[in-house]
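> okay, structure incoming, though there's no sequence with it:
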């Protein structure tokens, strides 16, 4: 049976999640519809696999557990939108310190692509934490102003000591993510 799956780093720190919830409330403007990511679904996508056969998961887990990386700190800082301020699709929080370490882990995950026939990434790795997707714009200038006011906001530092494979079940109320396995750092 096929399942929709992706590798990710989860955000489990309550203080950081509470800050993100507060920012989501600040961006919840009249006449603007933003589908905010639920607190329990906040994550950094390392590699989206798409639909995979669930029979390969045990073999994929064995291969992923061979990926070696050291625990590192990740600084969550700054806000922006994709693809641009003139056309907003997603609102995100950025990564500053720890980006290179995160990128290295993502590249190691991507190297599994050839073994499992996943599409290899052809775009450069861009780590960001999506906090909402714009569905309808009311006062776009006010929304842009609020996002720009948070461009330099420091959300804090988190310790990255594992990555996970998540299953994504799409429902009318939003995705439901289930962790299929975890891979822990070597230190």
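Perfect, I can see it now. Everything quoted here is computed from the prediction, not taken from an experiment. Numbers count the residues shown, from 1 in each chain.

> okay, helices next: where are they in this protein?
Along the chain, the segments classed as helices by DSSP state H run 14-27, 57-64, 99-110, 113-116, 140-149.

> reformat these as CSV; add distance to residue 88, mean pLDDT and mean neighbour count.
C-beta: built from backbone N, CA, C; applies to glycine. Compiled in CSV, the helices of the chain are given as follows (distance: least, Cβ to Cβ, whole Å; pLDDT from 0 to 100; neighbours: other Cβ atoms under 10 Å):
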stretch, distance to residue 88, mean pLDDT, mean neighbour count
helix 14-27, 11, 94, 14
helix 57-64, 34, 95, 15
helix 99-110, 23, 94, 17
helix 113-116, 31, 81, 12
helix 140-149, 7, 93, 14
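
> report all helices and strands that the helix or strand of the chain at the bottom of the mean pLDDT ranking contacts.
Counting by mean pLDDT, DSSP states H and E, the weakest-scoring helix or strand in the chain turns out to be helix 113-116, with a mean of 81. Where contact means 3 or more Cβ pairs under 8 Å, 6 or more residues apart in numbering; DSSP states H and E, helix 113-116 is packed against helix 57-64.
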